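Trainee: I'd like to go over a predicted model; first the sequence, then the structure.
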Amino acid sequence: SGGREHALGWKLRKSPRVENLFFAPGNAGTENLGRNLDIAATDIDRLARFAAENKVLTVVGPELPLANGIRNQFDEDNLALFGHRQEATLLEASKAWASKFQDRHNIPHPQTRIFAEVGHALSFVESANPDEYVLKADGLCGGKGIVLPKSVDEARNTVLDMMVNKTVTYGEAGRIVVVQERLVGRELSVIGITDGKFIRYFAPAVDHKTLFDNALDRARDEEKQNPNTGGMGAYAPDPLTTKELMREIHETIMQPTIDGMREEGYPLKGGILFAGLMITEDGPKVLEFNVRGG
């Protein structure tokens, strides 16, 4: 239903092999590319029936259907789908699980604490310097589950919103809170398509994360009015990313992730592996992983 799905459809529409294009549920932009369907992206049963009746290849854009097991259901029904199995989405669907996975496979990432009890989380944020860490809801929040607190009060309120109040932003995703070291550097998005053994990369990209920028907007930031948008824009390729840096990212992050997931029984087969990275003085480190169909 979003811009990502519109972009996928726009590109697919250019292929001479595409006869018909359907969007579930679609939006005002996608109706100019194909036919919008009155089927929710999470209604796996109806999506499977439609795919079977119309003999289509399904390309999954959003993360929630993958986390809910759409690939598993389509595999059972012998239907073609581009996207990962539910087991593989743990890498994105649980930041706590992903952090432990990275520990097991020596993949560079921030120092991490995991809190399942609100009292323990509050004790930490009330004693720590808020400039030195970030707060993350464990589950899926549409890219908006990360807070860089500017004060102890903001950190305390964020923990309560995640773990107790379960506000609209966080829902059940914040029942576990992940606290990570705040890294300094520049962000980089590395994206590739993988068969579970090998990976081939798209051009590295840079997100524009926060709502505002420039001098006036830094003043707004001081007033806590500069939220993380979840990625309101991006540019690619990144002119600062060298072949040497990409080789290091491949050897220390991307290939070990693919190998580790396969070894643990969660192969990243038939979809996208996205790594949101911070390029620090100590080298690239993982901020987050996304596993998508598109």
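Mentor: Cool, the structure landed.
Trainee: can we go C-alpha only for contacts and neighbour counts from here?
Mentor: Noted.
Trainee: element containing residue 206?
Mentor: Assigned by DSSP states H and E, residue 206 belongs to strand 206-210.
Trainee: now do residue 178
Mentor: Using DSSP H and E, residue 178 maps to strand 177-181.
Trainee: Show me what that strand is packed against.
Mentor: strand 112-115, strand 133-137 (3 or more C-alpha pairs under 8 Å, 6 or more residues apart in numbering; DSSP states H and E).
Trainee: ok, and what's touching that strand?
Mentor: Strand 177-181 has contacts (C-alpha atoms under 8 Å, 6 or more residues apart in numbering) with 95-96, 110-116, 121, 132-138, 159, 162-163.
Trainee: cutoff 7 Å now
Mentor: Among residues not part of strand 177-181, those counted as contacts by C-alpha atoms under 7 Å, 6 or more residues apart in numbering are 95-96, 110-116, 132-138.
Trainee: and if you look at stretch 282-294?
Mentor: Residues outside stretch 282-294 that contact it (C-alpha under 7 Å, 6+ apart): 59-61, 63, 82-84, 89, 91-92, 108-110, 249, 271-279.
Trainee: one more time with 8 Å, if that's ok
Mentor: Contact partners of stretch 282-294, identified using C-alpha under 8 Å, 6+ apart, comprise 8, 59-63, 66, 82-84, 88-89, 91-92, 95, 98, 107-110, 249, 253, 268, 270-279.
Trainee: just to revisit the earlier point, which of the contacts of strand 177-181 sit farthest apart?
Mentor: The widest separation within the contacts of strand 177-181, taken as C-alpha to C-alpha, falls between 116 and 132 and amounts to 20.6 Å.
Trainee: quick one: the helices in the stretch 1-150 of the chain?
Mentor: With DSSP state H, counting those that start in this stretch, the ranges of helices along the stretch 1-150 of the chain come out as 3-13, 44-54, 63-67, 70-76, 90-93, 95-104, 118-127.
Trainee: quick one, what contacts residue 202?
Mentor: Contacts of residue 202 by C-alpha under 8 Å, 6+ apart are 190-193.
Trainee: about what we covered before: quick one: buried ones out of the contacts of stretch 282-294?
Mentor: Buried by 16 or more other C-alpha atoms under 10 Å: 59-63, 66, 82-84, 88-89, 91-92, 95, 98, 107-110, 249, 253, 268, 270-279, out of the contacts of stretch 282-294.
Trainee: ok, and for stretch 166-175, which residues are buried?
Mentor: Using 16+ other C-alpha under 10 Å as the test for burial, stretch 166-175 gives 166, 169-175.
Trainee: what about the stretch 151-294 of the chain, any weak spots by pLDDT?
Mentor: Where the stretch 151-294 of the chain drops to pLDDT under 70, the residues are 209-232, 294.
Trainee: One more pass at 50, please.
Mentor: Applying pLDDT under 50 to the stretch 151-294 of the chain flags residues 215-216, 219-220, 223.
Trainee: Show me where it has its helices.
Mentor: For the stretch 151-294 of the chain, helices defined by DSSP H, counting those that start in this stretch occupy the ranges 152-160, 214-222, 243-249, 255-263.
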